[in-house]
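Q: after the sequence you'll find the predicted model.
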Protein chains: 2
Amino acid sequence: MEQKKLKLVDLAKLAGVSTSTASRALNNNPVIKQATRDHVQQLAKQHNFTLNTAASRLRLQKTKVIAVVINLEANTEQSIDDPFLLKVVSDINQAVNRQGYELLLSNSYMAGDDWYGYFIDGRRADGLIVVGQGKQQNRIEQAANLGAPLVVWGDPKTPSNYPIVGSDNYLGGLQATAHLIARGASKLLFLGDPGHAEIGERYRGFKAAIDGASEACQQQTVKIDITSQAAYEAINQLLRSEGLTFDGIFACSDMVALGALKALKERYVSVPNDVRLVGFDDIGMADVSHPSLSTVRQNTQLAAKMLVTKLLAQLNNEVVDSQEIDIELLCRQSS
Amino acid sequence: MEQKKLKLVDLAKLAGVSTSTASRALNNNPVIKQATRDHVQQLAKQHNFTLNTAASRLRLQKTKVIAVVINLEANTEQSIDDPFLLKVVSDINQAVNRQGYELLLSNSYMAGDDWYGYFIDGRRADGLIVVGQGKQQNRIEQAANLGAPLVVWGDPKTPSNYPIVGSDNYLGGLQATAHLIARGASKLLFLGDPGHAEIGERYRGFKAAIDGASEACQQQTVKIDITSQAAYEAINQLLRSEGLTFDGIFACSDMVALGALKALKERYVSVPNDVRLVGFDDIGMADVSHPSLSTVRQNTQLAAKMLVTKLLAQLNNEVVDSQEIDIELLCRQSS
DNA sequence: GAGGTTATTGCAAACGTTTGCAATAACTTT
DNA sequence: AAAGTTATTGCAAACGTTTGCAATAACCTC
């Protein structure tokens, strides 16, 4: 069982051909006679031969690996726990695999600030997918400027020298808020931090919906972190100090919405009767929550596919640009 | 900006030393004079020099990479969406990084069946962390037998030729169920598939608690997949066909518990008054749910640390064995 | 200051692939 | 059957590190 690792030269010897022929045969190079190819390949299978990727990468100067960098501001040292982000990563993993690439999961802890050097020069990956635009995109910009093949999951409306794939956050915010208004809400609350790129767009949509409403609406914004905990506390606090000053909430994410929902329920504010609530993302829990959560669904699967496609196009020296993914308003019980 | 990649030999030239000295200097080899080391290192920083990992790995015969294999039965082609599993991966990522290793995220789609060949022989990683024991562990066994450094997140009680790290599922099930009984439940329902390794242990704990109860208890088991959807449907179905035949549920996971909770609420079964409910995992949502979900907390952070520690020990040729992680029963509103 | 010891550096080989080019084998064509 | 083509294979170099060993430089000791 502890047999010596079979190298290409050994396989070649077994097949009675030279190393070069063996190599070409494995890569199905048509210059090699079909019979020889079959023979070598069959032998390889039989001995479960595997190429040494280190050697192969060194020679080819490419890795067939894509690095996914989780780019969170505060959480640098913490593990992420927003299920939505993890879902995005998982979908990217799928998409990457389907293209025959491997996925190196990384973050700034490992990569430091010089992503180009670390990943590209360091030959750890052929390209980068950055998840989370963050507030400061200087590291991304730098990597892009140095010529790193790179795509970002974020807000596509952000002007940038790199392609961004993401949902139409503006439209999402607009539709969600318009929906709240249509359902009778007139005192609207935005829950989230407009300083964040994607959320800022959702906020713009929120305001646009209010501006465009036929009836006059009040509005307020509570700026919080994107966690259910923060939302829970913020709503609690607000209810305690000001009472029920709103009848519609557009939460910047489902986790935030669910935190708000909990606070509301605990204080016997009925959702959707007293307050209508819409979230963003459509995480699995949105449907399971009670009342089920109306939300703006982000098509992460399609997005992941686009991200990878655009990245591979860059590896192919094509120029690609940002792209918006359609969102879908899901009206469930909370609104 | 599109400057040529600096190689070690170039850096050496800049520093006025030989390649070998440069190499040793970068690795802080004490055989090199301190001044020289400083000089080279400073120069490296200044030019953000990065070693070519492909070359380095080829030469060193190790990668400084750990592969994490998501080992799910059905979902092979689907992206995972159980937030708990994703949390585990995220925590492993942390732990791996802290040890200076990178994380290759993989699954059977890429790796095929011969994990030893693919990862170890293929020099893609130095060791494997398998997440999810699954029902059939032949692939794991095979890899372990071939000598792959490998640890598994699963049920540590399973006899195996490889180390397993996981929670004390039996005790968790026991405590959760005993807690339900202590709170007055006597008609108990187990929600989950006992055929699955870890869940089987939870089920054993469930039964043991009932056997050990001072009062006689009824019990029933509803075998479902580990999804909130399945739980929702199962409970709905059960209520419709049989009515409320239980007053305590031990769900094999939080997602399952939350699915059940939704079904109960929709049918106006009060939790915890009519039915007491305990889940397993302590995902973020457990606390945010309303009523908040009592559950058995799994210490994924500690587990991740242990997994990595044990894997590195194996790389160091030490022999390690399975280990159980303490669980903690969290009594919240649902029970 | 000669001989011995130790601290520091450099030479060159090796890790296992892939590929340009040259060489051979197998066919055509006349 | 010789000469010209084309199909198939092999030789050897290259990818960029790391490291055993030999070489040199620096330092002692008497």
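A: Happy to help now that I have it. Just so you know, these numbers come straight off a predicted model, no measurement behind them.

Q: run a quick neighbour tally on A:Ala304.
A: A:Ala304 is flanked by 26 other residues according to other Cβ atoms under 10 Å in any protein chain shown. C-betas here are computed from N, CA, C, even on glycine.

Q: where does pLDDT dip in chain A?
A: Flagging of chain A using pLDDT under 70 yields the residue ranges A:1-3, A:73-80, A:134-136.

Q: for the spatially most central residue of it, which three-state class applies?
A: Closest to where the C-alpha atoms of chain A average out (Cα atoms, centre = their mean) is A:Val88, at 3.9 Å. With DSSP: H, G, I helix; E, B strand; the rest coil as the basis, the three-state label of A:Val88 is helix.

Q: I'd say it and A:Ile129 touch.
A: No - using Cβ atoms under 8 Å, A:Val88 makes no contact with A:Ile129, being 9.7 Å away.

Q: who touches both of the two?
A: Common contact partners of A:Val88 and A:Ile129 (Cβ atoms under 8 Å, 6 or more residues apart in numbering or on different chains): A:Trp153.

Q: now do whichever strand or helix holds A:Leu261: which elements does it pack against?
A: Per DSSP states H and E, A:Leu261 falls inside helix A:254-266. Secondary-structure packing of helix A:254-266 (3 or more Cβ pairs under 8 Å, 6 or more residues apart in numbering or on different chains; DSSP states H and E): helix A:83-98, strand A:187-191, helix A:228-242, strand A:248-251, strand A:276-281, helix A:284-288, helix B:284-288.

Q: got the angle between it and helix A:228-242?
A: Relative orientation of helix A:254-266 versus helix A:228-242 (axes from the mean of the first three to the mean of the last three Cα atoms, to 10 degrees): 40 degrees.

Q: how far out from the middle of the chain is stretch A:182-195?
A: 25 Å (Cα atoms, centre = their mean, to the nearest Å).

Q: give me the buried positions along it.
A: A:Ala185, A:Ser186, A:Leu188, A:Leu189, A:Phe190, A:Leu191, A:Gly192, A:Asp193, A:Pro194 (16 or more other Cβ atoms under 10 Å in any protein chain shown).

Q: okay if I get those residues as a markdown table plus distance to A:Ser289?
A: Formatted as a markdown table, the buried residues of stretch A:182-195 follow (distance: Cβ to Cβ, whole Å):
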| residue | distance to A:Ser289 |
| --- | --- |
| A:Ala185 | 19 |
| A:Ser186 | 25 |
| A:Leu188 | 21 |
| A:Leu189 | 19 |
| A:Phe190 | 20 |
| A:Leu191 | 16 |
| A:Gly192 | 18 |
| A:Asp193 | 23 |
| A:Pro194 | 25 |
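
Q: what's the closest of those to DNA strand D?
A: A:Asp193 (42.1 Å; Cβ to the nearest atom of the strand).

Q: ok now do that closest one, which residues does it touch?
A: Counting by Cβ under 8 Å, 6+ apart, A:Asp193 makes contact with A:Ile199, A:Lys223, A:Ile224, A:Asp225, A:Ile226, A:Cys252.

Q: most neighbours, which of those?
A: Neighbour max across the contacts of A:Asp193 (other Cβ under 10 Å) = A:Cys252, 28 neighbours.

Q: A:Gln34: how many residues sit nearby?
A: A:Gln34 has 10 neighbouring residues, counting by other Cβ under 10 Å.

Q: can you pull the phi and psi angles for it?
A: phi -50, psi -50 (degrees, to the nearest 10).

Q: now do the same contact list for it.
A: Taking Cβ under 8 Å, 6+ apart, one finds nothing in contact with A:Gln34.

Q: what's the answer for A:Glu102, then?
A: By Cβ under 8 Å, 6+ apart, the contact set of A:Glu102 is A:Lys64, A:Val65, A:Ile66, A:Val96, B:Leu104, B:Ser106, B:Met110, B:Arg124.

Q: distance of A:Asp82 from DNA strand D?
A: Taken as Cβ to the nearest atom of the strand, to the nearest Å, the spacing of A:Asp82 relative to DNA strand D amounts to 37 Å.

Q: roughly how far apart are that residue and DNA strand C?
A: 40 Å.

Q: ok, A:Gly200 next?
A: Applying Cβ to the nearest atom of the strand, the value for A:Gly200 to DNA strand C is 46 Å.

Q: and the helix holding A:Leu261 with strand A:276-281, angle?
A: Going by the same axes, to 10 degrees, helix A:254-266 makes 150 degrees with strand A:276-281.

Q: please put the alpha-carbon coordinates of helix A:254-266 into PDB.
A: The C-alpha trace of helix A:254-266 is given here as PDB (Å, rounded to 0.1, in the frame of the first residue of the first chain):
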ATOM      1  CA  ASP A 254     -32.500  39.000   5.600                       C
ATOM      2  CA  MET A 255     -30.400  38.500   8.700                       C
ATOM      3  CA  VAL A 256     -31.100  42.100   9.600                       C
ATOM      4  CA  ALA A 257     -34.800  41.700   8.800                       C
ATOM      5  CA  LEU A 258     -35.000  38.600  11.000                       C
ATOM      6  CA  GLY A 259     -33.300  40.400  13.900                       C
ATOM      7  CA  ALA A 260     -35.800  43.200  13.500                       C
ATOM      8  CA  LEU A 261     -38.600  40.700  13.300                       C
ATOM      9  CA  LYS A 262     -37.700  39.100  16.500                       C
ATOM     10  CA  ALA A 263     -37.600  42.500  18.300                       C
ATOM     11  CA  LEU A 264     -41.000  43.300  16.900                       C
ATOM     12  CA  LYS A 265     -42.500  40.000  17.900                       C
ATOM     13  CA  GLU A 266     -41.200  40.300  21.400                       C
END
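
Q: which parts of chain A sit against DNA strand D?
A: Within chain A, the residues that sit near DNA strand D (Cβ under 7 Å from any atom of the strand) are A:16-21, A:24, A:31-34, A:36, A:55, A:58-59, A:61.

Q: go through those and say which is closest to chain B.
A: Chain B lies nearest to A:Leu58 out of those, by Cβ to the nearest Cβ, at 4.1 Å.

Q: so that closest one belongs to a strand, correct?
A: No - going by three-state DSSP, the assignment for A:Leu58 is helix, not a strand.

Q: burial count for it?
A: 19.

Q: list the residues that contact it.
A: A:Arg123, B:Asn52, B:Ala54, B:Ala55, B:Leu58.
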